[in-house]
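>>> Sequence and predicted structure below; questions after.
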Amino acid sequence: QVQLVESGGGLVQPGGSLRLSCAASGSIFSINVMGWYRQAPGKQRELVAAITSGGSANYADSVKGRFTISRDNAENTVYLQMNSLKSGDTAVYYCKLSWLRIITYDYWGQGTQVTVSS
């Protein structure tokens, strides 16, 4: 059984920073992708950033230059450093772990609220 536990959300003023963490545990295939998604009220869940176990990362256009994704493979942990936060970044942020081994395996965290407001 794979579990993902997120932390680091909260309330921050516009222009501020937050760092999200997501720790995965259980039986995890070493070649995988970890990512962050977000869902604002009334909107669909969208990809924010993702990073492979080899270190290749990609970002949504809306966060490029402001957010940085990183990971610690030894700890099965992924981070999202969020700088220059805007009110439009307000959402529930979810961590996702995926790998392909014959079939696709997808696991989600419970979500952490990020609110950007003055």
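That came through fine. Numbering: from 1, shown residues only.
>>> mind listing what the residue nearest the centre of the chain touches?
For the chain, the residue nearest the mean C-alpha position is Trp36 (2.2 Å; C-alpha atoms, centre = their mean). The contact partners of Trp36, taken as C-beta atoms under 8 Å, 6 or more residues apart in numbering, are 20, 22, 47-50, 69, 78, 80, 93-96. C-beta: built from backbone N, CA, C; applies to glycine.
>>> Assumed it was part of a helix.
No: assigned with DSSP: H, G, I helix; E, B strand; the rest coil, Trp36 falls outside any helix and is strand.
>>> ok, now how distant is it from Val48?
According to C-beta to C-beta, to the nearest Å, Trp36 and Val48 sit 4 Å apart.
>>> Bridge partners for the residue nearest to the centre of the chain, pull those for me.
Counting by DSSP bridges, Trp36 is bridged to Ala49, Cys95.
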